[in-house]
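> starting from these lines, generate the structure:
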Amino acid sequence: MRLKKDSNLIGLLLGLAVPVIVYFLQLILIPSFFGFSFSNKSMQLFALVFNLPLFRYYIINVNYEKSARGILFMTFIYGLIWVYINKGSF
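Presented below is the predicted three-dimensional model:
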C-alpha cells in the first residue's frame, strides 16, 4: 500500500506522534536545563498545543486538507483524553 502525501492516515500518524515526542523531550530537556520540572498536566497540554502549528502548516502552506483533518482529529481525541484523565484534579 502506497501512501499519498495528502492522506488522512499521514495526518493521524503525525497528530499522534508529535505530542508524544514533544512530551518526552520536555521530560528530558526541561529538568536538565532549568533544574526543575513542570507538572505532568501542564506538560501534556503544552505537548498537545504543538499540533496547532503543524495543522496550520498543512492547511495553509501546503494545502493538504486530508492530512490537516487527520491532525485536527487526533488533537481533539488527545484533548478529550486529557480532560478525562485530569477531571476533578483542578
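> buried ones in the longest helix belonging to the chain?
Identified as the longest helix of the chain according to DSSP state H is helix 8-34. Along helix 8-34, these residues count as buried under the neighbour rule (16 or more other CB atoms under 10 Å): 8, 10-16, 18-19, 22-23, 26. Every residue, glycine included, has its C-beta placed from N, CA and C.
> and stretch 78-90, by the same measure?
78, 82.
> alpha carbons only: can I get it in PDB?
In PDB, the C-alpha atoms belonging to stretch 78-90 read as follows (Å, rounded to 0.1, in the frame of the first residue of the first chain):
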ATOM      1  CA  TYR A  78      -5.900  13.900  22.700                       C
ATOM      2  CA  GLY A  79      -7.900  16.800  24.200                       C
ATOM      3  CA  LEU A  80     -10.800  14.600  25.200                       C
ATOM      4  CA  ILE A  81      -8.400  12.100  26.800                       C
ATOM      5  CA  TRP A  82      -6.600  14.900  28.600                       C
ATOM      6  CA  VAL A  83      -9.900  16.200  30.000                       C
ATOM      7  CA  TYR A  84     -11.000  12.700  31.000                       C
ATOM      8  CA  ILE A  85      -7.700  11.900  32.800                       C
ATOM      9  CA  ASN A  86      -7.500  15.200  34.600                       C
ATOM     10  CA  LYS A  87     -11.100  15.600  35.600                       C
ATOM     11  CA  GLY A  88     -11.600  16.600  39.200                       C
ATOM     12  CA  SER A  89      -8.000  17.500  39.700                       C
ATOM     13  CA  PHE A  90      -8.300  21.200  39.000                       C
END
